[in-house]
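> dropping the sequence and predicted coords here.
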Amino acid sequence: MRQLVRKDNEAYAIQRNMRVSPSKANAVLEMIRGKKASEALNLLKFSSRGVAKNISKVLNSAIANAENNHQLDIDILKVTEAYCGKGMVMKRWRARAKGRPGRINKFLTNVTIKVSEDQVKEVKKEKAK
């Protein structure tokens, strides 16, 4: 079993067996990867994809974990990792010609979103003498 290694300034949330195919979920996760958490929530809110609502719930859970469990500042959170993998496959059968069954695969997805505090480096401009 793979374990997620957590640093001090990050938190994550996992949703297992989400009822959407991994390719559809990955298309939405690519939008929010590397963005600030507040910006990512806005992108998901106004996205026309159906899976965006479920992914925003996972992102909200990761933000809540960061705030409540790890005491991170939610104003500077950034989505550092957002990925999905294959979950279970539900196998359904549909009647086909001559009494034979045709198999229908319904794919499920495991979604992981990791947020961390954005390390903003302040650089002072030096005046030329």
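Perfect, thanks for sending it.

> my reading is that Lys24 lies in a strand. Confirm?
No: under DSSP: H, G, I helix; E, B strand; the rest coil, Lys24 falls outside any strand and is assigned helix.

> mind listing the helices for this structure?
In order along the chain, the chain carries the following helices (DSSP state H): 22-32, 37-45, 52-68.

> for these, which one sits closest to Gly102?
helix 22-32 (21.8 Å; Cβ to Cβ). Backbone N, C-alpha and C define where each C-beta goes, glycine included.

> the closest one: how far from the chain's middle?
8 Å (Cα atoms, centre = their mean, to the nearest Å).

> state the mean pLDDT of that helix.
Across helix 22-32, pLDDT averages out at 95.

> who are the packing partners of that helix?
If you count contacts as 3 or more Cβ pairs under 8 Å, 6 or more residues apart in numbering; DSSP states H and E, helix 22-32 packs onto helix 37-45, helix 52-68, strand 77-95, strand 101-117.

> okay, those in a markdown table with mean pLDDT next?
Shown next, in a markdown table, are the helices and strands packed on helix 22-32 (pLDDT from 0 to 100):
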| stretch | mean pLDDT |
| --- | --- |
| helix 37-45 | 95 |
| helix 52-68 | 95 |
| strand 77-95 | 96 |
| strand 101-117 | 96 |
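
> just put those in a markdown table and tack on mean neighbour count and distance to Val20.
Output for the helices and strands packed on helix 22-32, formatted as a markdown table (neighbours: other Cβ atoms under 10 Å; distance: least, Cβ to Cβ, whole Å):
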| stretch | mean neighbour count | distance to Val20 |
| --- | --- | --- |
| helix 37-45 | 17 | 14 |
| helix 52-68 | 18 | 7 |
| strand 77-95 | 15 | 9 |
| strand 101-117 | 17 | 6 |
